[in-house]
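Novice: no sequence on this one, just coordinates:
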C-alpha cells in the first residue's frame, strides 16, 4: 500500500511542533519535503528517518541562555 502524503499541518501535529517550525526546518535544516504546486507535502517515513538521524536537533548557536 502506498504511503499517504501529509500536509504541513498534519506533519506538525505528528511531530508536536508548529507549522512555522516545520517551514523553518525545511529551509534551515533540510527537512525532507516535496513542493507540489504551492503546497509542501511530506511522507511520515522520510520525516521520521530525518528526525532519528538528528536532523531536527537544535544547533548550539540557537541554544542561548
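Specialist: Noted; the coordinates are in hand. Just so you know, these numbers come straight off a predicted model, no measurement behind them.
Novice: Just confirm residue 19 contacts residue 8, I think it does.
Specialist: Yes - counting by CB atoms under 8 Å, residue 8 is a contact partner of residue 19 at 5.0 Å. For the C-beta atoms, the positions are set from N, CA and C on the backbone; glycine is no exception.
Novice: So which of the two has more stuff around it?
Specialist: residue 8 (19 against 15; other CB atoms under 10 Å).
Novice: list the contacts for the more buried one?
Specialist: 19, 22-23, 39-40, 42 (CB atoms under 8 Å, 6 or more residues apart in numbering).
Novice: What does the pLDDT read for it?
Specialist: In this model, residue 8 is scored at 97, pLDDT.
Novice: same check, this time on residue 57
Specialist: Confidence score, pLDDT, at residue 57: 85.
Novice: ok, it to residue 9 distance?
Specialist: Using CB to CB, to the nearest Å, residue 57 is found at 23 Å from residue 9.
Novice: where are the low-confidence patches of the chain?
Specialist: 58-65 (pLDDT under 70).
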